[in-house]
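S.K.: Okay, sequence plus prediction incoming.
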Amino acid sequence: MTKLPGSNPWRGNAISRVFGALFYTTEVLPSSSTLSESLSRRILQNRTRRDSVVPVLEQWLKEGRGVKQPDLQDSINRLRKSNQYSHALQISEWMSDEMKLDLSPADVFARLDLISKVRGLEEAEKYFDGIPDQLKGLQAYFGLLHCYAHHKSLEQAETTFQKMKELGFAKGVGCYNTMLTLYSQMGKYRKLDILVKEMEEKGIGYNLRTLNILLNSYAATSDIDRMEKLLLKMEADPLVTMDWLNYNSAANAFLRVGLREKAQALLRRSEQLITLKTRKVAYEYLLASYASLGNKDEVYRIWNLYKCMGRFYNSGYRSMSISLVKMDDIDGAEKIVEEWESRFKTFDILIPNVLVNAYCKKGLLEKASSYSKKLAESGREDVSTWAVLATGYSMNGQMEEAVEALQKAANLENGSGWQFNRLTVASCLLYLKKTGDVELAHELLRLLRERGHLTTAVCNELEDSMDGEPKVLETLSGEKGNTWWGLIQFGKEKWMGKWSSSTTRASM
């Protein structure tokens, strides 16, 4: 962490830290005042997404406006929610280094998470080691555990979890859910079962997140009997209130094991529990779920209900276009995007990117390129669009075009912090090395590093690989391979298989 001379990011008294922990969570906080909302809005509407968000904060101060810690915490939470981790980290460090504000335990948790995502796990570990004893409590250890789980560092996560038990920090369901998620993601179902048994023995009750983790884990092993028993258990638990989201998640889990009728019934139950307050988000989830069922009639029925709300939401158009693409209805998705283009008030690049992604997935690269150029000509050029196109070209073996698209993305100043597909970057760099243009490869790496598109650790690995043996792809993809083309083909299959689910998550 960069520190100003004489600054101490840990300074402050215990009272402020206690109140910080009480009023600052990892969820998005409501604005503390009109001032807070205005500052958050200005930061979030910084459409150029410059390399640094600090000038926005400095300009705010020059205008004679005060900055309070809740204002900054609110902005950090909002940026984290929208995956703008680099900017969130800049504000977090500015808060302590420039403003000399006390860090709460929750601030430490957020800082650890942001450092691991922007600069890599090693830097997060260094930060943790420097945390003073008075702040190295539950939130700090939970933050470190979260970092290890995010990076799927199983051994380190287990060691940290054991340390938390020894310190008496592993009494709540939160850290258990983190480990359950990690075991589920890594296919360690035996360890997952052992941990579930431990929770029962210690009287640590499930919450609804636990339900979703276990349902999805049982679905991954096609353990239908345990899925049904768990759902019945949660429905019968007087301490648990099942809502539309829980039934929606359960429906998706049953769909994964092929129980379409059961999934359909759970979606109907989910819809019955939707309220006026929850209907916007609930309808967006239902669009995705019915699309997974391949039920286009239900998708359009929910879409019509959505539009009857009488308000225009970018997120709804994004969800609908993704749902149609998932059902291989690109023509329908194009019509939805065209309707959005005629109505939007605030431009959202993720919606056009749905089409670019879809075109790339179908191998319609000329169409993807043409649409990307159209966006650029209309002044809507964005790093993310060229990055998506670069991945499309790379996965289809058109490396010269992939490098060109990657260059355009890297040279744009907007979109700082956008996380590039590592396999795509590695493929392009290895291609440049094989064709003798190492200078361009290093220049691309420099830009990607400076603008936060890759973590420092990843950039260092790439730099070392560029200067030594051409093992870039093997290092970054985590897959073994003998030839560049073989890895490209592997990447293509991997990308094609996961694209639909990843874009659906992006819509939520």
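M.R.: Arrived safely, thanks for sending.
S.K.: Which pLDDT value goes with the residue nearest the centre of the chain?
M.R.: Ranked by distance to the mean C-alpha position of the chain (Cα atoms, centre = their mean), the top residue is residue 83 at 5.6 Å. As predicted, residue 83 sits at a pLDDT of 80.
S.K.: what sits against the closest residue to it other than its chain neighbours?
M.R.: Spatial nearest neighbour of residue 83, chain neighbours left out: residue 419 (7.7 Å); criterion: Cβ to Cβ, 6 or more residues apart in numbering. Backbone N, C-alpha and C define where each C-beta goes, glycine included. Applying Cβ atoms under 8 Å, 6 or more residues apart in numbering, one finds that residue 419 lies in contact with 83, 453, 454.
S.K.: Let's have those in JSON lines, adding distance to residue 343 and secondary structure.
M.R.: Supplementary listing: those in JSON lines, determined by distance: Cβ to Cβ, whole Å; DSSP: H, G, I helix; E, B strand; the rest coil:
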{"residue": "83", "distance to residue 343": "25", "secondary structure": "coil"}
{"residue": "453", "distance to residue 343": "32", "secondary structure": "coil"}
{"residue": "454", "distance to residue 343": "36", "secondary structure": "coil"}
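S.K.: Which of the residues you listed sits closest to residue 372?
M.R.: Closest approach between those and residue 372, by Cβ to Cβ: residue 453, at 17.6 Å.
S.K.: The closest one - how many residues pack around it?
M.R.: Using other Cβ atoms under 10 Å as the criterion, residue 453 is surrounded by 24 other residues.
S.K.: Quick check: the gap between it and residue 406.
M.R.: 10 Å (Cβ to Cβ, to the nearest Å).
S.K.: Now residue 320: which helix or strand?
M.R.: When secondary structure is defined using DSSP states H and E, the element that contains residue 320 is helix 314-326.
S.K.: helices or strands up against that helix?
M.R.: Helices and strands touching helix 314-326, by 3 or more Cβ pairs under 8 Å, 6 or more residues apart in numbering; DSSP states H and E, are helix 279-293, helix 296-307, helix 330-341, helix 350-361, helix 484-507.
S.K.: who touches that helix?
M.R.: 280, 283-284, 287-288, 290-292, 299, 303, 306-307, 330, 332-333, 336-337, 339-340, 344, 346, 348, 350-351, 354-355, 357-358, 500, 503-504, 506-508.
S.K.: Tell me what angle it forms with helix 279-293.
M.R.: 10 degrees (axes from the mean of the first three to the mean of the last three Cα atoms, to 10 degrees).
S.K.: Can you list the buried residues in helix 314-326?
M.R.: 314, 316, 317, 318, 319, 320, 321, 322, 323, 324, 325, 326 (16 or more other Cβ atoms under 10 Å).
S.K.: Just the closest of those residues to residue 151, please.
M.R.: Ranked by distance to residue 151 (Cβ to Cβ), the buried residues of helix 314-326 are led by residue 322 at 27.1 Å.
S.K.: I'd like to know how far the closest one sits from residue 299.
M.R.: For residue 322 relative to residue 299 (Cβ to Cβ), the value is 11 Å.
S.K.: Same check on residue 221?
M.R.: When distances are taken as Cβ to Cβ, residue 221 and residue 299 turn out to be 29 Å apart.
S.K.: One more: residue 447?
M.R.: If you measure residue 447 against residue 299 using Cβ to Cβ, the figure is 40 Å.
S.K.: For the two, indicate the residue with more neighbours.
M.R.: Summary of the neighbour comparison: residue 447 and residue 299, criterion other Cβ under 10 Å, with residue 299 having more neighbours (25 against 17).
S.K.: where's the residue lying closest to residue 209 once chain neighbours are set aside, which helix or strand?
M.R.: Closest residue in space to residue 209, ignoring its immediate chain neighbours: residue 177 at 5.2 Å, by Cβ to Cβ, 6+ apart. Counting by DSSP H and E, the element that carries residue 177 is helix 173-185.
S.K.: try residue 67
M.R.: Secondary structure from DSSP H and E places residue 67 outside every helix and strand.
S.K.: what's near enough to touch it?
M.R.: Applying Cβ under 8 Å, 6+ apart to residue 67 gives the contacts 39, 57, 60, 61, 99.
S.K.: Buried ones only from those residues, please, as a ChimeraX command.
M.R.: The buried residues among the contacts of residue 67 can be selected in ChimeraX (16+ other Cβ under 10 Å) with this line:
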select :39,57,60
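S.K.: which one of the contacts of residue 67 sits closest to residue 237?
M.R.: residue 39 (41.7 Å).
S.K.: The closest one and residue 59 touch, don't they?
M.R.: No: in this structure, residue 39 is not within contact of residue 59 by Cβ atoms under 8 Å, at 10.8 Å.
S.K.: ranges for the helices of the stretch 151-300 of the chain?
M.R.: Remark: helices of the stretch 151-300 of the chain, listed N- to C-terminal, are 154-167, 173-185, 189-202, 208-220, 224-236, 244-256, 260-272, 279-293, 296-307; assignment by DSSP state H, counting those that start in this stretch.
S.K.: Could you count how many residues lie near residue 279?
M.R.: The tally of other residues near residue 279 (other Cβ under 10 Å) stands at 17.
S.K.: likewise residue 311?
M.R.: Residues within reach of residue 311, counting by other Cβ under 10 Å, total 8.
S.K.: From here on, call the first residue 12.
M.R.: All right, first residue 12 from here; so that's residue 322.
S.K.: Checking it next. Helix, strand or coil?
M.R.: Assigned with DSSP: H, G, I helix; E, B strand; the rest coil, residue 322 falls in the coil class.
S.K.: sorry, back to before: roughly how far out does the helix holding residue 188 sit from the chain middle?
M.R.: Its chain's average C-alpha position is 17 Å from that of helix 184-196, according to Cα atoms, centre = their mean, to the nearest Å.
S.K.: Who are the contact partners of the closest residue to residue 356 other than its chain neighbours?
M.R.: Spatially, and ignoring its direct neighbours in sequence, residue 356 is nearest to residue 323 (7.1 Å; Cβ to Cβ, 6+ apart). With Cβ under 8 Å, 6+ apart as the criterion, the residues that contact residue 323 are 354, 355, 356.
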